[in-house]
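Show me the folded form of this:
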Amino acid sequence: MRTRKRGFTLVELMIVLAIIAIVAAFAIPNLMKSRMSANETSCVGSLRAIMSAEATYMNRYGVYGSLAQLSAEDLIDNSLATGKKSGYLIGEIVTGFDYSYCFAGAPIEDGKSGAKEYCVTQKGTLYEADFDTSAMSTDNGTTWVPGEGDVPDTFTTAPEDDSDNWTPISE
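Sure, this is the predicted structure:
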């Protein structure tokens, strides 16, 4: 009389692995999209926090401040002052226009940590765009001069005057 050993056959194990692979194929892209969306939402929230901090700083000192000055006054958190938060680079864009300030956020890995760029000026409107910012960094600090180094030339145009690239997302 033969006794049967208990356990799974190779075919049964292969079927289970195939099911797991199919589930992962559907779940991972959705997870990545959710993460990108969360990073983008965090960037918008960070720019709103900067806008609020600038209003407070202006009321205290009569001028707008840099990220370092806002952080020194505990108006923004330290991660914003370093220029990196939630998969985004945050920096001040030197536009050469009549802005008292213009801050922007660009994904650290364009297309992976986020797909859109965002900016806000002292006028209080948030804008979004879709540029190639894959070369941007905060290696030289959090002040970005368009056309110099890794900052796209498209940042030189005032968002209010460039409706082909910048779209307002809030008033």
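
Just give me how far the longest helix anywhere in the chain sits from the chain centre.
Across the chain, the helix with the greatest residue count (assigned by DSSP state H) is helix 10-61. For helix 10-61, the separation from the chain centroid amounts to 11 Å (computed by CA atoms, centre = their mean, to the nearest Å).

go on, stretch 109-125?
Using CA atoms, centre = their mean, the offset of stretch 109-125 from its chain centre is 6 Å.

okay, how far is it across it, tip to tip?
Length of stretch 109-125, first residue to last, CA to CA, to the nearest Å: 25 Å.

center of this structure, which residue is that?
residue 88 (3.3 Å; CA atoms, centre = their mean).

Double-check it against residue 113; I have them as touching.
Yes - at 6.9 Å, residue 88 counts as touching residue 113 under the criterion of CB atoms under 8 Å. In short, each C-beta sits where N, CA and C put it, glycine included.

Show me the shaky parts of this structure.
1-4, 95-99, 134-141, 146-157, 170-171 (pLDDT under 70).
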